[in-house]
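# only geometry, no sequence info:
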């Protein structure tokens, strides 16, 4: 696959007089080429899947089961399934867009090129901020696991260590990212592999137990114990567990054989985590019943493991929970920094924001711009609010990506030549857009309010800072 | 350029690496593929590094290019931003059809060259490199073989004689060719020991195995310990262009 760069060059300038970088280069299976300069593509299918699964699995399994069961009862299983279907409806169109534009920036890149700068700015700045909310949410989850570990060890601090540990890890992660750890992606692959093995063993045992193989009584109950509406509002809440596949698109510029690996990594990671989530909730609710599960809160899975496998099980899940939430937070911070780069390349943020540090070779400004606000957000400690705002901002992007696909298909510009075409056009992208926007409506008013303010601020920034920048079709 | 062997010279262009003395002269008769590359951490997008460093890197590469051209080589340059330097080098070897990679170390006038021969596999490419780089110069080439298990000294001599014949066939003066067979067990150690008396080493790439995984590739071991330049002749690359890496 190769899509020749069209003569973009419409450009425009931002307030600081910086123009978008217009030379997008030529895409090959192994590089992006700009004349004699090449950018090596180094992430394979495994790496892509690890980014997607690694970002997602932390939240859905290790933070949400208790909260979801409390809100929706046994039907929380259905909430996760709904979330998975919506994610899949969006992942398919995203795959098509990504194979047509395998560049850094993901959803922002697609929307800004397909629908113009204003929508692009809302999505891009929204994505950057949304990833911060997501990171903060994972870090609070991490804090819950860290304090559960302390409780397990019998250490009592006299205050709740949840937020404190979240803050510490937030600062450490940012510092480590700036300090340039080598091979972070190799570590990520291993972490995800270990997690999947631990979970598979645990869940297999749990399923056998739930269907009565071990002859224990399980807790049968009404499926819709809380009614129908909470199923949808819970789906909106837990949708944060499905944000990771879009992170694959933010590194689309670095994926090898993008036409094959991008769709496989995105759709594949959604399918994998959906299965894991649904089974997890099923096992968890079977072990305890939804009501008791809800009382355990964020670390409910530890109690489920203790019930099924005793203390060793609890320790394994505690360890897995720490790893999973840590890797999710890490992946989100890195994606946030990639978004800053994409925005500053297009002059929507100052060029300075994506500057690379000479000593470590890392984008320290962008990482600080992500890490700083994350620490502030962690300090609020509002798990559900953070999760919903993150979902809100992502869902807006998802909806707009689906719309972008329909717009591009209808307009059919010369440069639009995806190698993967979404099946069931136009039904799938239209449903994807409708479902994304609909899910937003089921969120708590506070989350919607914060989300709308963030979007308005993003639009305001665009009008003020880069009103004359034109990116539409600048491939 | 047709009969000039293409030799890859990889340079970490932004980390102060430069072309050591004597290297341009060494490769004067070749087609130099000058690969300037910059390894960036996973946190950084390759395009991000390009925006900031491309101009500076290209200026350095232009200086290096001039050095090689003054010495008489033909030169192709490339600049790559990558997260994985080895992947970039391997890809460039394949795409540019390079016969050998140079591990650059400083050297004075090259008068004696050690050519380590492992076996008949890859001998064709090895002789093409030797003939292409040293064929038209006043250089003594010593073909060197370390006898392995189940192999006699005669086997080693037959092997080297076969290579001498090939080189003469490629137009190398027979008077400048010598052969030497050794018994020392460990090939990399023996090569490094023997290389002390020579100005440059030519050797083949080996297939990765468990031992190479633990101790590193023999060619890398030699390049790390020998003070002069080492030309590592590359294996034949698969032709289909897709090795699924």
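On my side now, so go ahead. Please read these numbers as outputs of a predicted model, since none were measured by experiment.
# Residue A:206 contacts residue A:308, correct?
Yes: applying CB atoms under 8 Å, one finds residue A:206 in contact with residue A:308, separated by 5.7 Å. Every residue, glycine included, has its C-beta placed from N, CA and C.
# can you list residues touching both of these two?
Here residue A:206 and residue A:308 have A:283, A:287 as joint contacts, going by CB atoms under 8 Å, 6 or more residues apart in numbering or on different chains.
# what's downstream of the lowest-mean-pLDDT helix or strand in chain B, the next helix or strand?
Ranked by mean pLDDT, DSSP states H and E, the weakest helix or strand in chain B is helix B:210-215, scoring a mean of 58. Downstream of helix B:210-215, the first helix or strand assigned by DSSP states H and E is helix B:218-225.
# And that next one, what does it pack against?
Judged by 3 or more CB pairs under 8 Å, 6 or more residues apart in numbering or on different chains; DSSP states H and E, the packing partners of helix B:218-225 are helix B:187-195, strand B:200-204, strand B:230-233.
# Hey, what's the angle from that helix to helix B:187-195? Just curious.
40 degrees (axes from the mean of the first three to the mean of the last three CA atoms, to 10 degrees).
# Spell out which parts of chain B neighbour chain A.
Applying CB under 8 Å from any CB of the partner chain, we find that chain B lies next to chain A at B:39-54, B:58, B:77-84, B:87-88, B:91, B:245.
# residues in contact with residue 106?
Here I'm looking at chain A. Contacts of residue A:106 by CB under 8 Å, 6+ apart are A:98, A:127, A:246-252, A:335, A:338-339, A:342.
# my bad, the chain I had in mind was chain B
Residues near residue B:106 by CB under 8 Å, 6+ apart: B:20, B:21, B:22, B:23, B:227, B:228, B:229.
# Could you measure from the fifth one over to residue B:114?
Taking CB to CB, to the nearest Å as the criterion, residue B:227 is separated from residue B:114 by 13 Å.
# Show me the contacts of residue A:106 that map onto strands.
Members of those lying in strands (criterion: DSSP state E): none.
# If you rank these by neighbours, which is first?
Using other CB atoms under 10 Å in any protein chain shown as the neighbour test, the contacts of residue A:106 are led by residue A:248, with 34 neighbours.
# ok, and what's touching stretch B:56-74?
Here stretch B:56-74 makes contact (CB under 8 Å, 6+ apart) with A:36-37, B:1, B:4, B:9, B:11, B:13-14, B:18-19, B:24-25, B:27-32, B:34, B:36, B:38, B:75, B:77, B:79.
# Okay, buried residues for the helix or strand where residue B:57 lies please.
Per DSSP H and E, residue B:57 falls inside helix B:46-71. Across helix B:46-71, burial judged by 16 or more other CB atoms under 10 Å in any protein chain shown covers B:46-54, B:57-58, B:60-61, B:64-65, B:67-68, B:71.
# Would you pull up the residue in the stretch 201-350 of chain A closest to chain B?
residue A:341 (4.8 Å; CB to the nearest CB).
# ok, that residue - how many residues close by?
25.
# Could you check how far it is from residue A:352?
Per CB to CB, residue A:341 is found 12 Å from residue A:352.
# Closest one of the contacts of residue A:106 to residue A:447?
Closest approach to residue A:447 among the contacts of residue A:106 (CB to CB): residue A:127, at 16.7 Å.
# Provide a list of residues in contact with the closest one.
Going by CB under 8 Å, 6+ apart, residue A:127 touches A:106, A:107, A:108, A:246, A:250, A:339, A:393, A:394, A:397.
# Show only the entries of those residues found in helices.
Of the contacts of residue A:127, the ones assigned to helices by DSSP state H are A:107, A:108, A:246, A:250, A:339, A:393, A:394, A:397.
# hang on, the second one packs against residue A:343?
So that's residue A:108. Yes: here residue A:108 lies in contact with residue A:343, judged by CB under 8 Å, at a distance of 7.0 Å.
# With neighbour numbers in mind, choose between the two.
Neighbour totals were compared for residue A:108 and residue A:343, and residue A:108 leads with 33 against 25 (other CB under 10 Å).
# and the more buried one, what does it touch?
Contacts of residue A:108 (CB under 8 Å, 6+ apart): A:120, A:123, A:124, A:127, A:339, A:342, A:343, A:397.
# in which helix or strand would I find the third one?
Element membership of residue A:124 [criterion: DSSP H and E] is helix A:117-153.
# tell me how far that helix is from the chain's mean position?
In this view, helix A:117-153 has its centroid 9 Å away from the chain centroid, taken as CA atoms, centre = their mean, to the nearest Å.
# Name the residues of that helix that are buried.
In terms of neighbour count (16+ other CB under 10 Å), helix A:117-153 has its buried residues at A:117-149.
# Same question for stretch B:219-226.
B:219, B:220, B:221, B:222, B:223, B:226.
# which residue packs closest to the last one, ignoring adjacent ones?
Of all residues not flanking residue B:226 in the chain, residue B:195 sits nearest, at 4.8 Å (CB to CB, 6 or more residues apart in numbering or on different chains).
# again with the first one
Closest residue to residue B:219 apart from its sequence neighbours, by CB to CB, 6+ apart: residue B:232 at 4.5 Å.
# Pretty sure the one you found sits against residue B:99.
No: using CB under 8 Å, residue B:232 makes no contact with residue B:99, being 10.1 Å away.
# So if I had to pick from these two, which one is more boxed in?
The neighbour comparison of residue B:232 against residue B:99 (other CB under 10 Å) goes to residue B:232, with 24 against 21.
# hey, what's the more buried one bridged with?
residue B:101, residue B:203 (DSSP bridges).
# For the stretch 51-200 of chain A, just list every one of the helices.
For the stretch 51-200 of chain A, the helices defined by DSSP state H, counting those that start in this stretch cover A:64-72, A:76-100, A:107-115, A:117-153, A:161-179, A:184-210.
# closest to residue B:147 out of these?
Residue B:147 lies closest, by CB to CB, to one member of the helices of the stretch 51-200 of chain A: helix A:184-210, at 39.8 Å.
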